[in-house]
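A.B. asks: need a structure here:
(one chain, ligands or ions: 2)
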Amino acid sequence: MTLLRAEGIGKAYGPTPALVDVDLTVRAGEVVAVMGPSGSGKSTLLHCLAGIVRPDTGAVTYDGRDLTAMSDAGRSALRRGDFGFVFQFGRLVPELTCVENVALPLRLAGERRRAAERKALEWLERLEAAGVGGRRPGEVSGGQAQRVAVARALVTSPRVVFADEPTGALDSLNGEQVMRLLGDAARDTGAAVLLVTHEARVAAYSDREVVVRDGRIRDLMGAP
Ligand code: ADP
Ligand code: ADP
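C.D. replies: Ligands and ions are numbered 1, 2, ... in the order given. Got it, this is the predicted structure:
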């Protein structure tokens, strides 16, 4: 089932086009890697599909709903409810412990502290990072911080996880571990993943790779 679809999307910042007539579909539960050189438009594509950036042309549909026609409030509600995000640098809240960071999306959704932190700890265990739960992000390694960020992205059971260079700040061993854990967790929960990376070793954990060059996409596997 197609969960997310971009049809003919284009986006320009000033005179320079960042995306030109891009089509991409992501099926439920599928891990899709978007590769390509720096500046080719990968992040812009991810932001358009996540409803963060509105494309100038074309349409993005999620679960049959047109994101480009939705209100800002509708799109933010969708992002909080159905989407999870992992960035290159964890963007964890430095004042909170790692467990509190993972519990935060649940707390914001109204869950009680005890239940939220129990779920957060379960997710840290799945990400093999339970040991850092009581520490603040500044007291853990980069690899541990990214496991915490992945746990935070998955704790709300999103249907799509958007991961923009999630291993970009890690050495190759930590990067592959984080990607394996993210891929396994997504497959266990049935979440789709849209992964932006320039590392072939990281993209190897996906079901399908597409390449963006100069704002245009090339689908290597020829998905329907
Ligand atoms: P990638 O993720 O592949 O590195 P981006 O999507 O970040 O590529 O950028 C694609 C192009 O759009 C680049 O030329 C970049 O400079 C430009 N761009 C991206 N975001 C902005 C922005 N907010 N304002 C102006 N130009 C931008
Ligand atoms: P490791 O390889 O140990 O997982 P890195 O090589 O990515 O960690 O980072 C080296 C050091 O930089 C870490 O031990 C940590 O002190 C610090 N560091 C890097 N990224 C972060 C982060 N996102 N949060 C907290 N500390 C970080």
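A.B. asks: Who does Phe83 form a beta bridge with?
C.D. replies: Beta-bridge partners recorded for Phe83 (DSSP bridges): Val160.
A.B. asks: Now for it, how many residues are close by?
C.D. replies: 23 (other C-beta atoms under 10 Å). In short, each C-beta sits where N, CA and C put it, glycine included.
A.B. asks: Make sure I have this right: Ala116 is in a helix.
C.D. replies: Yes: assessed by DSSP: H, G, I helix; E, B strand; the rest coil, Ala116 belongs to a helix.
A.B. asks: can you count the residues close to it?
C.D. replies: By other C-beta under 10 Å, neighbour count at Ala116 equals 22.
A.B. asks: can you offset everything so residue one is 30?
C.D. replies: Done: numbering now begins at 30, and the last item shifts to Ala145.
A.B. asks: Show the contacting residues for it.
C.D. replies: Going by C-beta atoms under 8 Å, 6 or more residues apart in numbering, Ala145 touches Ala132, Leu135, Arg136.
A.B. asks: Could you check the pLDDT of Gly212?
C.D. replies: Gly212 carries a pLDDT value of 93.
A.B. asks: Contacts only, for it.
C.D. replies: Residues near Gly212 by C-beta under 8 Å, 6+ apart: Val60, Val222, Tyr234, Ser235.
A.B. asks: just Lys71 next, same as before
C.D. replies: By C-beta under 8 Å, 6+ apart, the residues touching Lys71 are Val63, Met64, Gly65, Asp193, Val225, His227, Val241.
A.B. asks: For the last one, list each beta-bridge partner.
C.D. replies: What it means is Val241. Bridge pairing for Val241 - DSSP bridges - gives Ile246.
A.B. asks: doesn't Met64 make contact with it?
C.D. replies: Yes: with contacts counted by C-beta atoms under 8 Å, Val241 reaches Met64, the gap being 7.3 Å.
A.B. asks: buried set for stretch 147-165?
C.D. replies: For stretch 147-165, the neighbour count (16 or more other C-beta atoms under 10 Å) marks Lys148, Ala149, Leu150, Trp152, Leu153, Arg155, Leu156, Ala158, Ala159, Val161, Gly162, Arg165 as buried.
A.B. asks: cool, and stretch 78-87?
C.D. replies: Residues Leu78, Ala79, Gly80, Ile81, Val82, Pro84, Gly87 are the ones in stretch 78-87 that count as buried (16+ other C-beta under 10 Å).
A.B. asks: Quick check on the first one: phi, psi?
C.D. replies: Dihedral angles phi and psi of Leu78 (degrees, to the nearest 10) take the values phi -70, psi -30.
A.B. asks: which ones among the buried residues of stretch 78-87 are found in strands?
C.D. replies: Of the positions in the buried residues of stretch 78-87, Gly87 sit in strands, assigned by DSSP state E.
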